[in-house]
Every structure is written in structure tokens, then in C-alpha cells.
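*Asks:* Generate a structure from the sequence data that follows.
(chains A and B)
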Amino acid sequence: MATDVRQRNNVRVGGKGTQPMLFAHGFGCDQNMWRWMTPAFEDDYQIVLFDYVGSGKSDLSAYDRRRYASLDGYAQDIVDIVRELDLRDVILVAHSVSSMIGILAAIQEPDRFAQLILIGPSPSYLNDADYRGGFERADIEGLLDLMDKNYIGWANFLTPVIMKNEDRPELTRELHESFCSTDPVIARQFAEVTFLSDNRSDLPRLTVPALVLQCTEDAIAPQGVGEYVADRVPNATFRQLGAIGHCPHMSHPEETIAAIREHLAGVKAA
Amino acid sequence: MPRLAPLDPILDGAACGYLSIDETGTVRAANTTLAELIGRPRAQIEQHHIDTLLSPAGRIFYTTHLFPLLRLHRRAEEVYLPLRNASDEEIPVLVNGVARAADEGTLHDLIVVPVRQRNELESELIAAREVAQQAAAAKDRFLSIVSHELRTPLGAARGYAELLLRERNGTLTDGQRQYVQRILNATVYQASLIEDILDYAGQHGQRRTLEIETLELEDVMERAETLLAVRAGEEQRALRREPRSASGTLRGDPRAIQQILLNLGTNAIKFSPPDAEVLLTSDVSGEVVRIGVRDTGTGIPDDQLDRIFEPFVRVDSSAAASAKGLGLGLAISRDLARSMGGDITVESTLGEGSLFTLELPVG
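*Replies:* Numbers count the residues shown, from 1 in each chain, chains lettered A, B, ... in the order given. Predicted coordinates:
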């Protein structure tokens, strides 16, 4: 398996520096989302991009329902990549759900990570007692319905039940042509895993230093959630971005780049 | 934020909604059609965030799918997105969008078409699919449980019949031996039917892992011939192989291939008239290895050719009526062939016979 990790996760390595900067995309997209960020770091870092299994141009046949039934399976993708490429001193730049995935990976392999940059992190998307994740369970069910409606036109959506995930080579080819999307079955499970996971209890276990970037008016990770993460991660820095929305690395790349640069310069100086 | 110039009257009253959104998600322009659809004046839409027009689920989907798509691909088509009207009801719409460079930055222009009726149909379709999936899973589970329950007592019946035949507990009369032998034959046959059911249910529940390897075509053919010669002999049919030897290699799981050829061969023997000949053929062309099993039976009517690979389907003919079986063999065989990257095809002429061909990738 180890030999296939690069291909399985469509790993791309570039940049002129030596310290690796590993970029982890969020739910619904793939490594392309980083294209406005990476040029800024190419001169100083080794840039490592990848797609989670089931996303982008990853090997869809490597998708295993059981492995990816929790964020741990996705964390294992990151762990596999840093081990396979033997990356050390890694700066992990993670968006959205990847923040929690990255935290889980860094708990497992603390010695390989130097810094986690968490863009719009949320340890749990559901409201619970005095915690405001932003969503009710019915909202997530609505999302799954909505995804079904969007996939209804896809060739494999209504095909007989006989087809199982495990071997559908013809499907893999077809989906690799599509952009920023995955297999409907996989996307649906990723949505469930993303929005129904509760990783609040994992936050204090992270020993690697982290920067939390909280956006303004973020529809996915509401205001208090970034502070919640920064309060519970032992070695965290909180920074509020003026950027509006949930994807500052796409909508406001300059501000996001500046925030990351400043933070890394501060770490270096200290 | 500067207000945009008034909309062109054609766009304003067009037969679809129009929204122009900047990259922060703020609506910079909306047409009257959209305002009427939402039940809010344009002033309550423009300069407000797109989130105010979406359900919570719609917000997630917009943020995680539609926005990245427009930002990266500059285009999105047929995206289903429920809007929210002034009374907080969902309005199902389809959205097409393009990104456009404007003085104030990139704008995402969306065309919005309500799809209420279509949406109801699609909901029913999705619900029906759900029901079908659950039913199929329940059927497989049921088959598997029933078969396991049947197999255990059958094993006991078979074991005791074998013990009786060994005559450890007393000698049998010829008549008794004949009866016990019949009991034993019946249990053996029934056990093979249950294996078929388990195999079929198993493939659809928990697939057994295939071990794909490169095989010599000659080895595969020789094994199939040896196994089938015994059955042909028992049923007084002749078995011939043409050409006599084969060269080349193929990719597949040896056990699965043997199971398929045994099934196709047994069918051919079963459906051929007494003293008829069953022909085994093989050839390699391009990337495909073809192994043929030809019988001289009554043939399969055209209108049934497609159906014979479906589970529990048996051809409607006098020859089939007298033959035994559940009609699972071909369904299992084709599933196996397909999971090895191959297939099974059939050609048939009424009164002359049928040719089943197993296709597998060249090794």
C-alpha cells in the first residue's frame, strides 16, 4: 500500500524551499482550491498538495466505507502521506474539516509537525447545550437530501443496488473527468462524517502549536467556534480575519497569506 | 458598496430569476422575477448576504460546492439549491452560473429557475431508490439466513445417510441401501442448491475477495475439460475441445473461472439431447481471451436472452422444465466474470443450440 500513497492521494510536490508546507483541502473540493495561496510560499517552502481519497483526482477505488466512516480515516491519509514522503517539521495548512483531520493526524504523529494553520476550524457543527456549532441535525439531513438532488443526474446515481463501492472501475474513470466533485456515495458519506463528527474532546490532546484563523460572517464555522478551538488547544494563537465567508484562501488570499506569513515569522523570531 | 445601475428591462422581467453575487457573498443585483419568487422587495435582497436567501443546508452547499465551483471553474450548471422565501418556506430552484470580471471585482451571475414539480418527482424517485436498496439488502440478508438455517440440518441428514451406508451399525438389505443412497443423493443435490443461494447472496452482501493472477490459458482449459468430462460421461454426452491445445495467458481468479466454466458446462450438458456433443473453445484476440461453451440444445428464445442472467430466472422451455436448479448459476457466473474485468455473452439459435462465451482480460 505504501508505494501507492502518492498516486492514491494524487500527491503533488513543488516549491523551492526545504521545510514542507502541506495543504489539506476541505469538504466539497480538492487541492485546486489552494491555487491562490501556494505561489506566495513557493520560494521559501516545499509545497505538498494532495486530494483525500474520494476527492479530486484521488484513486476512488481506494475508498473503503469503513476506513472513511470517521475523520480518523482521513487523518490516516495525512499520516500516510507524511510517512511516505518522510516529511518532518511540517507546516500543515488545513481548511475547514481538514482542521480537525489535521489535529487528529498531529496527535498521532506529533514529531513530524511544526505548526498547524487552521482556517475556519470547527470541532463540532451541531449545537449542543451551551455549545453553538451553528447547525441542527435536521439541517445536516437537509444537506444530504440536497446532495442527493444534485447527484440525481449522475450516471451511477440510480443504477441498481448491485453495484457496490468496492469495484466500479468504469465509474472511477468517469468521475475523474468531473471537476471539484466526487462519487455521490462518497461525497454523501464525507458530508455525514464532516458535519456529524464531534471532536471537541480531541482539542486538548494536540501538542503541536496551532494558529486559528477565524473568518467574519462564516456560514459554516460561526464566530465563537474558532475561539472555542483556540481556548482548548494548549498551544494555540487566535487571529480574526476581516475576510467574509468560509473560504478566505479563495476569496481573500492576500489577507490570508499575510496572516500566515506574520505568524510563521513570529514563530521563527521566537 | 455602490448600488449597481438599474437592470435592463429584459433582464429585470425575464422568465427566470437573476442574482449577481460578489466574492464575499453579497448580492449586488437581483431582478424583479427573483424578488417575486422570494416574496421580498429587491431592496431587501440587494446588498444583503446570499445566506439570507438560503436554508442552512443550502448555505453549506453554497459555501462548500457552488462558490468553489464558480471561483475555480468560473462556471456551474444545473446546481440544485433550495432558496428561502419571506415566509421561511423552501423554494427548490436550479442554478446556472458564470463568473464575470467587473469593475468592482469578480461577480458571479446566477440564473435561477424554480423546479417545484420536477423536485417533487425527484424526491419520489430518491425515496423509491431508498426503498429498493433496503429491500434488496433485506432480501440478501434473508436468503443468507435461511440458507444457513437449511444447511445445518441437511449436513446431519447427509452425515447419517453416509454412516448407514458404511453399515457399521448393521447390514442393509439391497432395497434399504438403494433408499439410503437416494436420500444421500437428494441431500447432496440440495446442499449444492444452498451453496448457490449462499454464493449469490454472499456476492451481494459481502463479496468474497477475488485473487486475480496471471494464468496459462492451457491450464484453465485442461482443468475445465477434466472436470466436465466426468459430468458429460455421467449424462451420456460427448465433450470435445477445439482447438486441442491453447496458448496465451489471461488474468483472473482461478477458482472463480473454474466455477463459471463448470456452471456453463453443466448447463450445456443438461440442455443437450442425449448423445449430443458439447464443444469447448478458446481463442485470444487483442486484449481479450474468449472461452466458449457450445451446446446443441433447443436454444433460447430471443425475448428471453436478456433475462437468463437475472437471478431466479429459468428459460421457459420443455428442456428447462425437466431440468433441475434455481436459476442462480448464470447470475453468479456473470457477476464473477464482471468483477474480474470480463463478461459473459450468449448467442442462441432456436433448434440448434446456444453458445456462452466467457471473456477475460489477456494476462
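
*Asks:* quick one, strands of the chain?
*Replies:* Using chain A. Taking DSSP state E as the test, the strands found in chain A are A:12-14, A:20-24, A:46-49, A:90-95, A:113-119, A:210-216, A:236-244.

*Asks:* that's the wrong chain, I wanted chain B
*Replies:* Under DSSP E, chain B gives strands at B:17-22, B:27-30, B:75-84, B:90-102, B:105-114, B:213-216, B:238-242, B:249-252, B:277-285, B:288-294, B:343-349, B:353-361.

*Asks:* Need the strands of chain A in CSV (columns: mean neighbour count).
*Replies:* Where you see a C-beta, it was placed from the backbone N, CA and C, and this is true even at glycine. As requested, these are arranged in CSV below (neighbours: other C-beta atoms under 10 Å in any protein chain shown):
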stretch, mean neighbour count
strand A:12-14, 13
strand A:20-24, 26
strand A:46-49, 22
strand A:90-95, 27
strand A:113-119, 26
strand A:210-216, 24
strand A:236-244, 17
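
*Asks:* mind putting the ones you listed in TSV, mean pLDDT and distance to residue A:203 included?
*Replies:* Compiled in TSV, the strands of chain A are given as follows (pLDDT from 0 to 100; distance: least, C-beta to C-beta, whole Å):
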stretch	mean pLDDT	distance to residue A:203
strand A:12-14	96	30
strand A:20-24	98	17
strand A:46-49	97	25
strand A:90-95	98	14
strand A:113-119	98	11
strand A:210-216	96	9
strand A:236-244	95	9
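
*Asks:* Residue B:54 versus the residue nearest to residue B:162 when sequence neighbours are not counted, what's the distance?
*Replies:* Nearest residue to residue B:162, sequence neighbours excluded (C-beta to C-beta, 6 or more residues apart in numbering or on different chains): residue B:184, at 6.5 Å. Noted for residue B:184: a distance of 70 Å to residue B:54, by C-beta to C-beta, to the nearest Å.

*Asks:* one step back: let me have the strands of chain B in a markdown table, adding mean pLDDT as columns.
*Replies:* Formatted as a markdown table, the strands of chain B follow (pLDDT from 0 to 100):
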| stretch | mean pLDDT |
| --- | --- |
| strand B:17-22 | 96 |
| strand B:27-30 | 94 |
| strand B:75-84 | 90 |
| strand B:90-102 | 94 |
| strand B:105-114 | 95 |
| strand B:213-216 | 94 |
| strand B:238-242 | 91 |
| strand B:249-252 | 94 |
| strand B:277-285 | 93 |
| strand B:288-294 | 95 |
| strand B:343-349 | 93 |
| strand B:353-361 | 95 |
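
*Asks:* Between those strands, which one is closest to chain A.
*Replies:* With C-beta to the nearest C-beta as the criterion, chain A lies closest to strand B:75-84 of these, at 4.1 Å.

*Asks:* circling back to that earlier point, closest to chain B out of the strands of chain A?
*Replies:* Nearest of the strands of chain A to chain B, taken as C-beta to the nearest C-beta: strand A:236-244 at 4.2 Å.

*Asks:* Now do the closest one: which elements does it pack against?
*Replies:* Contact here means 3 or more C-beta pairs under 8 Å, 6 or more residues apart in numbering or on different chains; DSSP states H and E; on that basis strand A:236-244 packs against strand A:210-216, helix A:223-232, helix A:248-251, helix A:253-269.

*Asks:* Of all those, which one comes closest to chain B?
*Replies:* Short answer: helix A:248-251, nearest of those by C-beta to the nearest C-beta, at 4.7 Å.

*Asks:* can you list the residues that contact that closest one?
*Replies:* The contact list for helix A:248-251 (C-beta atoms under 8 Å, 6 or more residues apart in numbering or on different chains) reads A:33-34, A:36-37, A:95, A:119-120, A:213, A:215, A:241, A:243-245, A:255-256, B:23-24, B:67-68, B:71-72.

*Asks:* more crowded one of residue B:184 and residue B:54?
*Replies:* A count of neighbours by other C-beta atoms under 10 Å in any protein chain shown puts residue B:54 above the other of residue B:184 and residue B:54, at 22 against 18.

*Asks:* picking that back up, could the helices and strands packed on strand A:236-244 go into a markdown table alongside distance to residue B:299?
*Replies:* What follows is these, written out as a markdown table (distance: least, C-beta to C-beta, whole Å):
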| stretch | distance to residue B:299 |
| --- | --- |
| strand A:210-216 | 70 |
| helix A:223-232 | 69 |
| helix A:248-251 | 63 |
| helix A:253-269 | 69 |
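
*Asks:* longest single helix anywhere in chain B?
*Replies:* helix B:116-166 (DSSP state H).

*Asks:* and the residue in the stretch 101-250 of chain B that chain A sits nearest to, how many neighbours?
*Replies:* Nearest residue of the stretch 101-250 of chain B to chain A, counting by C-beta to the nearest C-beta: residue B:136, 4.4 Å away. Using other C-beta under 10 Å, residue B:136 is surrounded by 15 other residues.

*Asks:* Same question for the one 4 residues further on.
*Replies:* Close neighbours of residue B:140, defined as other C-beta under 10 Å, add up to 18.

*Asks:* What is the burial count for residue 120?
*Replies:* Unless you meant another one, I'm taking chain A. The burial count for residue A:120: 29, using other C-beta under 10 Å.

*Asks:* nope, chain B please
*Replies:* 11.

*Asks:* Kindly report the same for residue A:270.
*Replies:* By the measure other C-beta under 10 Å, the count of residues near residue A:270 is 5.

*Asks:* again, but for residue B:116
*Replies:* Around residue B:116 there are 10 residues (other C-beta under 10 Å).

*Asks:* again with residue B:270
*Replies:* Counted with other C-beta under 10 Å, the neighbours of residue B:270 add up to 19.

*Asks:* can you give me the helices for chain A?
*Replies:* Using DSSP H, helices in chain A cover A:5-8, A:71-84, A:97-108, A:137-151, A:169-177, A:184-196, A:223-232, A:248-251, A:253-269.

*Asks:* The second one near chain B anywhere?
*Replies:* Which is helix A:71-84. No: Helix A:71-84 lies out of reach of chain B by C-beta under 8 Å from any C-beta of the partner chain, never closer than 15.2 Å.

*Asks:* got the buried residues for that helix?
*Replies:* Residues of helix A:71-84 classed as buried by neighbour count (16 or more other C-beta atoms under 10 Å in any protein chain shown): A:71-82, A:84.

*Asks:* Next: the longest one.
*Replies:* Buried residues in helix A:253-269, counted by 16+ other C-beta under 10 Å: A:253, A:255, A:256, A:257, A:259, A:260, A:263, A:264.

*Asks:* Could you do stretch B:270-284 as well?
*Replies:* Within stretch B:270-284, the residues scored as buried using 16+ other C-beta under 10 Å are B:270, B:271, B:272, B:276, B:278, B:279, B:280, B:281, B:282, B:284.

*Asks:* Contacts only, for the fourth one.
*Replies:* Shown here is residue B:276, whose contacts under the criterion C-beta under 8 Å, 6+ apart are B:237, B:238, B:295, B:296, B:297.

*Asks:* closest to residue B:355 among the residues you listed?
*Replies:* Proximity of those to residue B:355 (C-beta to C-beta) peaks at residue B:295, which lies at 8.0 Å.

*Asks:* wait, isn't that closest one in contact with residue B:352?
*Replies:* No: shown here, residue B:295 and residue B:352 do not form a contact pair, counting by C-beta atoms under 8 Å, at 9.6 Å.
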